[in-house]
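**Q** No sequence on hand, only this structure:
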């Protein structure tokens, strides 16, 4: 039971920006882990509490000073609890027995679901069960089968995305401390890790082919907002109506106090980052960092009062290769922004030498649009 609860709280941590799980539900899940009396569950739950406090600027300075001694004390308490149980010595012996058995046939192992080699090294103890996945895999399939589990973990741990790193650390702890390598929930996590992590490290040309299939994860629409909820709702609705459908929406909320945060929580299809008011530049920086950290290939940015034409994203993408071919280098494209009150004019002034014009028909004649 504790295994399922630990995996649940780990997935909530990873997908929280998308799922928007209510805080009271997280508390119920944490309480369930506490009542499971699992030392592994306590250890991982403590880790998530530390991460939560560290992310809060209010507690960060305190956590930096107290993190190490608090963590060491918590680990000591958990180990004392574990040692007081009858299963501790058996689990300790399992690691020893598993290691010795693996060394006897390290490359290929003793065969899938073959427990006889393990039981032969248990020296006739009454309990002939086994308690950890790592040596269960190594003794049965050797290092060859082990690599199938270890490579995705190692790739995730070396990932630049911190949340992915945390998830893989949790999985590694579970893999070392609990036997679940043949359970459904393990294969579920395995299927989540392997495809993405492998394609993440393939050569660029192969990744490009994969990207054509998985376009939904490639393009991010970034909207920065501050206290303009009515404008934001219109902006989001027009983004949702784009003829190009393969994108995610990220809204960076610069500390709005007009109900924006509460409204965003209710939008299941919007990724939200709430932060203090860092201005437009600070908001776009946060969004761009999220884009790079999460592997998107395209980024479309706009203010919260923007009303994009339904074909804007499609036109930008289709125009990109033509522009790059014409100028011979990577470029940043910008949509023409018309004034919402008078669509014959742009919303901003355009400088052309000593002249300034905002008439759209005049701008369309100029070489900048060719």
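**A** Okay, I see it. Just so you know, these numbers come straight off a predicted model, no measurement behind them.

**Q** Assign the residue nearest to residue 168 when sequence neighbours are not counted to helix, strand or coil.
**A** Among residues not flanking residue 168 along the chain, residue 156 sits closest, at 3.1 Å (Cβ to Cβ, 6 or more residues apart in numbering). The C-beta positions use only the backbone N, C-alpha and C, and glycine is treated the same way. Secondary structure state of residue 156, per DSSP: H, G, I helix; E, B strand; the rest coil, is helix.

**Q** Let me know whether residue 156 touches residue 163 as I believe.
**A** No. Contact criterion Cβ atoms under 8 Å: residue 156 and residue 163 do not qualify, at 10.1 Å.

**Q** quick revisit: the residue nearest to residue 168 and residue 149: what is the separation?
**A** Going from residue 156 to residue 149 by Cβ to Cβ, to the nearest Å gives 12 Å.

**Q** Same check on residue 285?
**A** 38 Å.

**Q** who has more neighbours, those two?
**A** Taking neighbours as other Cβ atoms under 10 Å, residue 285 and residue 149 compare with residue 149 leading, 22 against 14.

**Q** Leaving out the residues flanking it, which one is nearest to the more buried one?
**A** residue 137 (6.0 Å).

**Q** Quick check, pLDDT for that neighbour.
**A** Residue 137 carries a pLDDT score of 91 in this model.

**Q** before we move on, what about residue 121?
**A** pLDDT, residue 121: 82.

**Q** That one against residue 97, yeah?
**A** Yes. Using Cβ under 8 Å, residue 121 is in contact with residue 97, at 4.8 Å.

**Q** which one is residue 190 nearest to, not counting chain neighbours?
**A** Closest residue in space to residue 190, ignoring its immediate chain neighbours: residue 152 at 7.3 Å, by Cβ to Cβ, 6+ apart.

**Q** what about the one you found, how many neighbours?
**A** Around residue 152 there are 21 other residues, counting by other Cβ under 10 Å.

**Q** Helices of the stretch 51-200 of the chain, start to end?
**A** Remark: helices assigned in the stretch 51-200 of the chain by DSSP state H, counting those that start in this stretch are 57-83, 87-104, 116-120, 133-157, 162-177, 184-200.

**Q** check contacts around residue 300.
**A** Contact partners of residue 300, counting by Cβ atoms under 8 Å, 6 or more residues apart in numbering, are 219, 220, 221, 222, 247, 312, 313, 316.

**Q** Would you mind writing the PyMOL command to select the buried ones in these?
**A** Selection of buried members from those for PyMOL, criterion 16 or more other Cβ atoms under 10 Å:
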select buried, resi 219+220+221+222+247+312+313+316
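
**Q** State the pair within the contacts of residue 300 that is farthest apart.
**A** 220 and 312 (14.5 Å; Cβ to Cβ).

**Q** SS state for residue 274?
**A** Three-state assignment for residue 274 (three-state DSSP): strand.

**Q** my guess is it meets residue 265, correct?
**A** No. Judged on Cβ under 8 Å, residue 274 makes no contact with residue 265 at a distance of 9.6 Å.

**Q** Show me whatever sits in contact with both of those two.
**A** Common contacts of residue 274 and residue 265 (Cβ under 8 Å, 6+ apart): none found.

**Q** worst-scoring helix or strand of this protein, pLDDT-wise?
**A** Lowest by mean pLDDT, DSSP states H and E among the helices and strands of the chain is helix 204-213, with a mean of 46.

**Q** That one: what's the following helix or strand?
**A** Toward the C-terminus, helix 204-213 is succeeded by strand 219-225 as the next helix or strand (DSSP states H and E).

**Q** Packing partners of that following strand?
**A** Other helices and strands packing on strand 219-225, by 3 or more Cβ pairs under 8 Å, 6 or more residues apart in numbering; DSSP states H and E, are helix 229-240, strand 248-254, helix 279-293, strand 298-303, helix 312-327.

**Q** which other residues reach the third one?
**A** Contact partners of helix 279-293, identified using Cβ under 8 Å, 6+ apart, comprise 160-162, 220, 222, 224-226, 250, 252, 254, 271, 273, 275, 278, 299, 301, 303.

**Q** Type out the PyMOL command that picks the buried ones from these.
**A** The PyMOL selection below is limited to those of those classed as buried (16+ other Cβ under 10 Å):
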select buried, resi 161+220+222+224+225+226+250+252+254+271+273+278+299+301+303
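
**Q** Tell me how far residue 184 lies from residue 158.
**A** On the measure of Cβ to Cβ, residue 184 and residue 158 end up 28 Å apart.

**Q** Those two: which is more packed in?
**A** Comparing residue 184 with residue 158 by neighbour count (other Cβ under 10 Å), the higher total belongs to residue 158, at 12 against 8.

**Q** which of the residues in stretch 10-28 are buried?
**A** Judged by neighbour count using 16+ other Cβ under 10 Å, the buried positions of stretch 10-28 are 10, 11, 13, 14, 21, 26.

**Q** Find the helix or strand that the third one is a member of.
**A** Read it as residue 13. Using DSSP H and E, residue 13 falls within helix 2-19.

**Q** And that helix, what does it pack against?
**A** Here helix 2-19 touches helix 23-35, helix 39-55, helix 162-177, helix 184-200, strand 270-275, going by 3+ Cβ pairs under 8 Å, 6+ apart.

**Q** quick one: residue 26 and residue 9 touch, right?
**A** Yes. Applying Cβ under 8 Å, one finds residue 26 in contact with residue 9, separated by 7.4 Å.

**Q** what is in contact with the two at once?
**A** Counting by Cβ under 8 Å, 6+ apart, residue 26 and residue 9 have no contacts in common.

**Q** If I average pLDDT within each of the helices of the stretch 51-200 of the chain, which one is lowest?
**A** Among the helices of the stretch 51-200 of the chain, helix 57-83 carries the lowest mean pLDDT (a mean of 60).

**Q** pretty sure residue 161 contacts residue 294?
**A** Yes. Using Cβ under 8 Å, residue 161 is in contact with residue 294, at 6.5 Å.
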